[in-house]
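A.B. asks: Provided below for reference: sequence and predicted model.
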Amino acid sequence: MTILIILALIVLGIVMLMLELAVIPGFTVFGVAAIGILGYSVYLAFINYGIWAGIGVLVALIVLLPVLFMKFFKTKAGRKMQLESVIDGKVNQIEYSKINVGDKGKALGRLAPMGKIEVNGYVAEGKSVGNYIPEGSEIEIVKISENHIIVKQII
């Protein structure tokens, strides 16, 4: 009879751990209870069946739990919980063929010190050399780096 209780506790603990991973976000009381139940099943095996049975149950749990989790995350339900999308976009890419150092344009918004500029019909994010360039001001490109277009106000 005790072996059935130990097996039932192991099954209950594994189910609770699976629910903890799959349904309940974070590590909650549910997960702590599952670990406690699994620990109690190992304790019962030690007390009722001796040291070798206890070690056997402990080793079985140490081997069985990772295998079950890996198998679970390969199922359809497990794959739905995994992040599979890849972000390959880049921010503020500059089309170097449309603008050059020395080109003139205007500030579409105020540059304090960054804002939108338009040069040769190309709208991009510009960074001012000084502190502030008002909206609508004439600007000139001073430098183009990897992800910044540095401009100055034409006075």
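C.D. replies: That came in fine, so what should we check first? Numbering: from 1, shown residues only.
A.B. asks: What's the local residue count around Val86?
C.D. replies: For Val86, the count of nearby residues is 6 (other Cβ atoms under 10 Å). Where you see a C-beta, it was placed from the backbone N, CA and C, and this is true even at glycine.
A.B. asks: Tell me the secondary structure of it, please.
C.D. replies: Secondary structure state of Val86, per DSSP: H, G, I helix; E, B strand; the rest coil, is coil.
A.B. asks: wait, Lys152 sits on Glu138?
C.D. replies: No. Checked against Cβ atoms under 8 Å, the pair Lys152 and Glu138 is beyond contact range at 10.1 Å.
A.B. asks: Neighbour count: these two, which is higher?
C.D. replies: Comparing Lys152 with Glu138 by other Cβ under 10 Å, the one with more neighbours is Lys152, at 15 against 12.
A.B. asks: Can you give me the pLDDT of the more buried one?
C.D. replies: Listed pLDDT for Lys152 reads 89.
A.B. asks: and it, that one's in a strand?
C.D. replies: Yes. The assignment for Lys152 is a strand, going by three-state DSSP.
A.B. asks: Give me the phi and psi for the residue nearest to it when sequence neighbours are not counted.
C.D. replies: What sits nearest to Lys152 in space, not counting adjacent residues and going by Cβ to Cβ, 6 or more residues apart in numbering, is Val129, at 4.5 Å. Dihedral pair for Val129: phi -70, psi -40, per degrees, to the nearest 10.
A.B. asks: How much space separates Val129 from Phe30?
C.D. replies: Val129 sits at a distance of 58 Å from Phe30 (criterion: Cβ to Cβ, to the nearest Å).
A.B. asks: wouldn't Gly115 be in contact with Lys106 here?
C.D. replies: No. Assessed by Cβ under 8 Å, Gly115 is found out of contact with Lys106, at 11.2 Å.
A.B. asks: Contacts for the helix or strand that contains Ile10 next, please.
C.D. replies: In this assignment (DSSP states H and E), Ile10 forms part of helix 2-22. The contact list for helix 2-22 (Cβ atoms under 8 Å, 6 or more residues apart in numbering) reads 27-28, 30-31, 33-35, 37-38, 40-41, 44-45, 48-49, 57, 61, 64-65, 68-69, 72, 77-78, 81.
A.B. asks: Many thanks, have a good one.
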